[in-house]
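1. what's the 3D shape of this:
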Amino acid sequence: MQLKDMAGMLKQVQEMGKKMEEVQRELAKKTVSAEAGGGMVKAIANGKHELVKIEIEKDLLNPDEQEMLQDLVVAAVNKALAESARMAQEEIAKATSGMLSGGGLNMLKELGLGG
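-> Sure thing, here's the model as predicted:
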């Protein structure tokens, strides 16, 4: 591995680090929502996989429906977090596309950091 290749790789890693920081800031601002029970429970999560809001229809706020409400909240939250993870993966892939192609990717493999 030549010194010139290493310098180029380090520059790419620094650029990717900056891009990733930017993506993380943007993901914190983006939200996704998911529903359960035909929209009776809605969960909203951000791109950092944090639950930011739960909306529940008044009809479900009945003590006799407690178990169903609990199940619907869990379902909506799980869907929202899965959607948040998908969104984050897409944004990271967009931000890093092409940054480690060619020599950079080979160098990562040589260092045991890439597959």
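2. enumerate every residue touching the residue most central in space within the chain.
-> Residue closest to the average C-alpha location in the chain (CA atoms, centre = their mean): A88, at 2.6 Å. By CB atoms under 8 Å, 6 or more residues apart in numbering, the residues touching A88 are 27, 47-49. Quick note: C-beta positions are derived from backbone N, CA and C, even for glycine.
3. give me that answer again for 10 Å
-> Residues in contact with A88 (CB atoms under 10 Å, 6 or more residues apart in numbering) are 23-24, 27, 30, 32, 46-49.
4. just those residues: which are in helices?
-> 23-24, 27 (DSSP state H).
5. tell me where the model's unsure across this structure.
-> The chain contains residues with pLDDT under 70 at 1, 98-115.
6. do a quick rundown of the strands in the protein.
-> For the chain, the strands defined by DSSP state E occupy 31-36, 41-46, 51-56.
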